[in-house]
Structures are given as C-alpha cells and as structure tokens.
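> no letters, just coordinates:
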C-alpha cells in the first residue's frame, strides 16, 4: 500500500502544478471548462501565480506519493463569502484508491479552518458518476434548479 500525503502546494511547485493541470485537460477534456489546446497557449495560469504568491483566498492542495504530485484540488474563496472547488484531478493510474476523497477532505478542512466553516460549492459534469458519487459520499448535496449545464453541489460544514 502506497502512502499518500496531502498538503498545500509551495511557491516553488507552480511548475509541477502546471504539468498536472495540462495532463488533466489532455486526458479528460470533457470534465473541465477549458481545453488542452487553449491552455497550452496560456503562458502562465492565474493559479500558478496564486501558488507562487501564496494568495490566501486561492490555494491548491496536492496529493503526493513520495515526491510525485499525483492529484490536485483548487479552492477559491468567492466574493459572496462562499468558496468553490475547481480542478479536482487524480492521475489515472492512482484513481480508485480514495486519493480524490482525501484531497477534497483536506481542502475542506483547510478552507473551514481559514474561513470559519465556509460553505463550499462545486460543479460536476453530468454523466461523471464517479465524481458525483464521491462528492455525495463526502457530504455535498445537489443544488436544485441551477441553470448551468453542470450539476452544482454544495457542502455546508456541520
């Protein structure tokens, strides 16, 4: 059994974030709101800058197997006082090992500590049942009647 650790990415890790983010867009384009080709043309992602500057309201957690980054999950505090989870991704060869659940739970824990039990929103693509079921298992509830093409879900800390 491999040992996975979860932590916020350090300023020096923005390049490994970029590499895994591009991989996620290339391998699962239907799951994200950007395409691999579009992303390649962007010199530096905003989240890369946020990682380098350690922007308090925007952070990325990584799942590491030893020194290898095998998963990412991004949190952004919204202006309305809620937070959003974006860019949830675990490398294909590491899927099915509860790493995604560990990542989301680590992000929720960090966000709730920093922002006093903040309500967290995320979106999942219809048909992405693995992700949808994972979010439900963690405690996210579907938000009815959203006009988005995505399924919106909400986590309210107890």
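Now that the structure is in, tell me what you want to look at. Here the structure is a predicted model, which is why all the values come from computation and not from measurement.

> make it CA atoms for all contacts and neighbour counts henceforth
Fine.

> just checking, residue 51 touches residue 59?
Yes - between residue 51 and residue 59 there is a contact under CA atoms under 8 Å: 6.5 Å.

> overlap in contacts of these two?
residue 9 (CA atoms under 8 Å, 6 or more residues apart in numbering).

> okay, and residue 20 sits in which element?
helix 14-27 (DSSP states H and E).

> after that helix, heading C-terminal, what element do we hit next?
Counting by DSSP H and E, the element after helix 14-27 in chain order, helix or strand, is helix 36-40.

> any weak-confidence spans in this protein?
Applying pLDDT under 70 to the chain flags residues 1-2, 146-147.

> how about 90 then?
Along the chain, the model assigns pLDDT under 90 to residues 1-2, 27-43, 117, 125-128, 144-150, 157-158.

> would you map the helices across it?
Secondary structure of the chain (DSSP state H): helices located at 14-27, 36-40, 46-53, 99-114, 129-138.

> packed most tightly, which of those would that be?
helix 99-114 (a mean of 19; mean count of other CA atoms under 10 Å).

> just give the number of residues close to the closest residue to residue 131 other than its chain neighbours.
In this structure, residue 131 finds its nearest non-sequential neighbour in residue 124, 7.0 Å apart by CA to CA, 6 or more residues apart in numbering. Residue 124 has 21 neighbouring residues, counting by other CA atoms under 10 Å.

> dump the residue contacts of residue 124.
Residue 124 touches 31, 131, 132, 150, 151, 152, 153, counting by CA under 8 Å, 6+ apart.

> hmm, 7 Å instead?
Residue 124 is in contact with 132, 150, 151, 152, counting by CA atoms under 7 Å, 6 or more residues apart in numbering.

> cool, and residue 58?
The neighbours of residue 58, taking CA under 7 Å, 6+ apart as the test, are 50, 75, 76, 77.

> same question for residue 85.
Counting by CA under 7 Å, 6+ apart, residue 85 touches 73, 74, 75, 76, 121, 122.

> mind listing which of the residues you listed are in strands?
Counted as lying in strands by DSSP state E, out of these, are 73, 74, 75, 76, 121, 122.

> wait, the third one touches residue 87, no?
No - assessed by CA atoms under 7 Å, residue 75 is found out of contact with residue 87, at 8.7 Å.

> more crowded one of those two?
Using other CA under 10 Å, the more surrounded residue of residue 75 and residue 87 is residue 75, with 25 against 18.

> grab the nearest non-local neighbour of the more buried one.
The spatial neighbour of residue 75 that comes closest, neighbours along the chain excluded (CA to CA, 6+ apart), is residue 85 at 4.7 Å.

> thank you, goodbye.
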